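Novice: Mind folding the following:
(2 chains, ligands or ions: 2)
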There are 2 protein chains.
Amino acid sequence: MLKTSQRKSFLYKPIKLNPPQILAIIFLVLVAIGGLLLKLPAASVNGVSWIDAFFTAISAATVTGLVTIDPGSTYTLFGEIVILVLIQVGGLGIMSFAVLVVIMLRKQIGIKQRLIMQEALNQPSIGGVIRLVRNLFVFSIVIEILAVFLLSLRWVPDMGFSKGVYYSIFHTIAAYNNAGFGLWPDNLVRYVGDPVVNLVITMLIVMGGLGFTVIVDLWISKEWRNLSLHSRIMIFGTIVVNMIAIILFYLFEQNNPATLGSLSGSDKLWAAYFQGITPRTAGFNTVSIGDMEDGSLLLTILLMFIGAGSASTGGGIKLTTFLVIVFAVITFIKGKEETVMMKRTIRNAIIYRALAITTISISFVFLGVMLLTLTEKAPFLEVLFEVVSAFGTVGLTMGLTFELTFLGKIIIMFIMFFGKLGPLTMAFTLARQSKENIRYPEGDVFTG
Amino acid sequence: MLKTSQRKSFLYKPIKLNPPQILAIIFLVLVAIGGLLLKLPAASVNGVSWIDAFFTAISAATVTGLVTIDPGSTYTLFGEIVILVLIQVGGLGIMSFAVLVVIMLRKQIGIKQRLIMQEALNQPSIGGVIRLVRNLFVFSIVIEILAVFLLSLRWVPDMGFSKGVYYSIFHTIAAYNNAGFGLWPDNLVRYVGDPVVNLVITMLIVMGGLGFTVIVDLWISKEWRNLSLHSRIMIFGTIVVNMIAIILFYLFEQNNPATLGSLSGSDKLWAAYFQGITPRTAGFNTVSIGDMEDGSLLLTILLMFIGAGSASTGGGIKLTTFLVIVFAVITFIKGKEETVMMKRTIRNAIIYRALAITTISISFVFLGVMLLTLTEKAPFLEVLFEVVSAFGTVGLTMGLTFELTFLGKIIIMFIMFFGKLGPLTMAFTLARQSKENIRYPEGDVFTG
Ligand SMILES: [K+]
Ligand SMILES: [K+]
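Specialist: Ligands and ions are numbered 1, 2, ... in the order given. So this is what the prediction gives:
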């Protein structure tokens, strides 16, 4: 870590753009192209306004899934494919995509592209990046083909072959990239009790949300004890946090007639299971979010804020950032000096980075809520929910997205953009700054 | 700082109670006595329930000012004097009070009491503590007598001599201790445009909220450049933050008929002035809080969370904690390495402590909101407002306090208790932990 960042700052002096800045520029170009394509007459059934076209483009490229219009009925097949491409590019990673293109063109990857990749994938060694991306890409395609096959088993009988397969492809890509876009106006509410849809979609969400490095680590290591500390924390943390979320959703919503209350016993369980997994940061839903109890909404807000894994398709402050803080607070309450996770001491530099990312993110969300409070006439909880959803690139909404004013749309677009690139930028900058603070070289966790 | 904490930990090993624990025990004893006295038949006009008596006692001892009943009509003169004593004891500082008692009894102050004092007043040297407290106490009494005289000029003509003077004493003590208790059911709404009430009450609030060390520093130093970094940041920060708050309140509320909209030009200014100052953390109000715009309420929540100065009568994470984070974030955004405030480098240990205090406080508030969401049927913003008000020992409410369920009262009581002692405990524990991290010995700021 230390060596890498020194090498980076040495190399980057002549270029004057750091990896986060380059990522931001690529992102803006992607959004510009996507927005223009979606504005084309061929992309929409009855036309779409400039602001809505660009809102869709940012939402897709940041794999958020918030929509000001119903994408299924507004866009043509061409428009939907544009969205799908934006999702796959923004989600599977602009960087892995760029490297893949280079590989396909059989060109050598330059040192600069490698460094960008390395940043995007949180890979400490330059050498492993190309191999990692190739493995990752093969793995992702295999997983996606498998998921399309399984979903087709469910949807081809319902909708016929071509529509069934197309819907399977669309929702598979959206789910694996944690993008939350759906082709039904009610998202996945009609499949609330369907085991195939529930299991396939949630598996894709969790795979995409673990983070590329974890998946590759799992592939290579095969045994639990060979896994890196980061991978073990991500896997263990995902299971524990999701389990707690599922149980709390069940408890909070079981008697709410507008959500779980009116469902049968097994449907109740499936609905709690799905809503416990989707806020980090998939954005699909099988019950109506706007009808949930305040306790569940607050829990969802927390989960959306936490988000998925570092170098994953998901957003948020990242699960590791959250867990580092939880463990640091427990250490603090116990009056101990060293924060220990899974028998490894967590370096102070990592704890401080986690605290800084969290504090800056909360400040940013606060500012967003403040601004949106001034532009929108909506209950406070809906505004807070919307802002955290955009920040975490989640895509869940209590219904406010459809009612946003022009200024409100601009604000949410900016928050999605920051939500996608902000934590990465912070992690990068703080990693560079913290080189002097490294003291206890035991155990390494990626945050942000 | 380093020497002191080492000395402390050496001295405290045989005793096994650290200063925050001793403070907590003293506090609980104070609340127990106060609650029992308020439950006495002589204390209330028509009786008061156990829970409401103890709620009042905790609210008074933590100088919060949230009330489940109207204190003016519920309690007798005896009950009100109990409240006043709890406020003065809890506010001017249990510790300064304890030392004062010892001085009055002409006994020597033991090393243990001195250390407790030292912790409570954030005074690095043991020797200066007794002198500090004596100066402070004399100064406080002089200020309070002056304020009582000024308020009497306004209230004696209105209410006659004895009632006018009594009301002046009560509101002076409440204001100087940032306690927010009022004897009118609408707090100070009837004096929204009164210059005397506005100026005297806000001066008392600001004096009490600057922190004892700042006041003493001002007294001793006389010149701006002789003041400590902490004092300069507190004075400058108070002016800037209050100015911004006043301007924003004016902008947000000027057209709201339920607050500023229906007032005359000068009354509008006075109302904005008062509401800009009171959230940190006085708790008085001259307009109806429940009728404010969401933007103003959110601003109030932020101000309540920030709170007053270290070692002051106010609560919250403290203004210095907030400003350190603001400056650290600006440094971070600028891509610089060192956080500089008023030409002094802020040590990393201080920044990390500020981040830790803020993150833990936000987590605590989140947990409180979550619990209260489950026990109360109220709009989310009212619940959030109530929890932050209790955490910051502010005492402002959108109206929820009067409607709290039994469980809700218990939760708010606990939050007030934590809000009073939590930040102090955190600052103490983190100060002890951070001894290894001290690297750049330039400039010192108290946080928490
Ligand atoms: K999403
Ligand atoms: K107060």
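
Novice: May I have the secondary structure class of A:Thr286?
Specialist: Three-state call for A:Thr286 (DSSP: H, G, I helix; E, B strand; the rest coil): coil.

Novice: Centroid-nearest residue for chain A?
Specialist: A:Gly314 (1.5 Å; Cα atoms, centre = their mean).

Novice: Am I right that it sits in a strand?
Specialist: No. The assignment for A:Gly314 (three-state DSSP) gives coil, which keeps it out of a strand.

Novice: Quick check: closest non-adjacent residue to it.
Specialist: A:Ala308 (2.5 Å; Cβ to Cβ, 6 or more residues apart in numbering or on different chains). Heads up, the C-betas are built off the backbone N, CA and C, glycines and all.

Novice: Does that neighbour touch A:Met207 like I think?
Specialist: No. Applying Cβ atoms under 8 Å as the test, A:Ala308 and A:Met207 come out as separate, 10.5 Å apart.

Novice: higher neighbour count, those two?
Specialist: Per other Cβ atoms under 10 Å in any protein chain shown, whichever of A:Ala308 and A:Met207 has more neighbours is A:Ala308, with 27 against 22.

Novice: how about that one, what does it touch?
Specialist: By Cβ atoms under 8 Å, 6 or more residues apart in numbering or on different chains, the contact set of A:Ala308 is A:178, A:208-211, A:280-281, A:314-316, A:318-319.

Novice: again, 6 Å this time
Specialist: Residues in contact with A:Ala308 (Cβ atoms under 6 Å, 6 or more residues apart in numbering or on different chains) are A:209, A:280-281, A:314.

Novice: What separation do you get for it and B:Lys334?
Specialist: 30 Å (Cβ to Cβ, to the nearest Å).

Novice: With A:Val388 instead?
Specialist: Distance from A:Val388 to B:Lys334, counting by Cβ to Cβ: 27 Å.

Novice: Find the closest residue to ligand 1 in the stretch 51-200 of chain A.
Specialist: A:Gly180 (3.9 Å; Cβ to the ion).

Novice: ok, how many other residues are close to A:Leu183?
Specialist: Using other Cβ under 10 Å, A:Leu183 has 18 neighbouring residues.

Novice: now it, nearest residue through space, not along the chain?
Specialist: In space, and not counting its chain neighbours, A:Leu183 is closest to A:Gly72: 4.1 Å by Cβ to Cβ, 6+ apart.

Novice: What are the phi and psi values at A:Met341?
Specialist: phi -120, psi 120 (degrees, to the nearest 10).

Novice: swap that for A:Val45, please
Specialist: The phi/psi pair for A:Val45 (degrees, to the nearest 10) reads phi -70, psi -50.

Novice: pretty sure A:Val329 belongs to a strand, no?
Specialist: No. Counting by three-state DSSP, A:Val329 is not part of a strand but helix.

Novice: Return the distance of it relative to A:Ile277.
Specialist: Distance, A:Val329 to A:Ile277, by Cβ to Cβ: 25 Å.

Novice: Against B:Ser363, how distant is the residue lying farthest from the centre of chain A?
Specialist: What lies farthest from the middle of chain A is A:Gly335; by Cα atoms, centre = their mean that is 34.8 Å. Distance of A:Gly335 to B:Ser363, computed by Cβ to Cβ: 18 Å.

Novice: And A:Phe137, by the same measure?
Specialist: Counting by Cβ to Cβ - A:Phe137 and B:Ser363 are separated by 39 Å.

Novice: Next, the distance between the ends of stretch A:261-270.
Specialist: Using Cα to Cα, to the nearest Å, one end of stretch A:261-270 lies 13 Å from the other.

Novice: Tell me which stretches of the stretch 251-400 of chain A form strands.
Specialist: In the stretch 251-400 of chain A, the segments counted as strands under DSSP state E, counting those that start in this stretch are A:340-341, A:344-345.

Novice: sorry, back to before: out of the contacts of A:Ala308, who's nearest chain B?
Specialist: Comparing the contacts of A:Ala308 against chain B with Cβ to the nearest Cβ places A:Arg280 closest, at 16.4 Å.

Novice: which helices and strands does the helix or strand hosting A:Ile411 pack with?
Specialist: When elements are assigned from DSSP states H and E, A:Ile411 belongs to helix A:406-433. Counting by 3 or more Cβ pairs under 6 Å, 6 or more residues apart in numbering or on different chains; DSSP states H and E, the packing neighbours recorded for helix A:406-433 are helix A:19-39, helix A:50-61, helix A:348-375, helix A:380-391.

Novice: what angle do the last one and helix B:380-391 make?
Specialist: What that stands for is helix A:380-391. On the basis of axes from the mean of the first three to the mean of the last three Cα atoms, to 10 degrees, helix A:380-391 is oriented at 90 degrees to helix B:380-391.

Novice: How far away from the center of its chain is helix A:380-391?
Specialist: For helix A:380-391, the separation from the chain centroid amounts to 16 Å (computed by Cα atoms, centre = their mean, to the nearest Å).

Novice: And the contacts of it?
Specialist: So helix A:380-391 is in contact with A:301, A:304-305, A:365, A:368-369, A:372-373, A:396, A:398, A:400, A:412, A:415-416, A:419, B:294, B:380-381, going by Cβ under 6 Å, 6+ apart.

Novice: quick one: average confidence on the longest helix anywhere in chain A?
Specialist: Longest helix in chain A by number of residues, with DSSP state H as the criterion: helix A:127-159. For helix A:127-159, mean pLDDT rounds to 82.

Novice: Quick one: list the elements packing against that helix.
Specialist: helix A:94-104, helix A:111-121, helix A:161-176, helix A:195-210, helix A:212-221.

Novice: What degree of burial does the spatially closest residue to A:Asp267 that is not a sequence neighbour show, as a neighbour count?
Specialist: Nearest non-adjacent residue to A:Asp267, counting by Cβ to Cβ, 6+ apart: A:Gly193, 3.5 Å away. A:Gly193 has 18 neighbours, counted by other Cβ under 10 Å.

Novice: Excluding chain neighbours, what is closest to the residue in the stretch 301-448 of chain A that ligand 2 sits nearest to?
Specialist: Using Cβ to the ion, A:Phe366 is the residue of the stretch 301-448 of chain A that sits closest to ligand 2, at 22.3 Å. Spatial nearest neighbour of A:Phe366, excluding adjacent residues (Cβ to Cβ, 6+ apart): B:Leu302 at 6.9 Å.

Novice: which bits of chain A sit near ligand 1?
Specialist: Residues of chain A found near ligand 1 (Cβ under 5 Å from the ion) are A:65, A:178, A:180, A:283, A:394-395.

Novice: By neighbours, which of those residues wins?
Specialist: A:Val394 leads those on contacts (other Cβ under 10 Å) with 35 neighbours.
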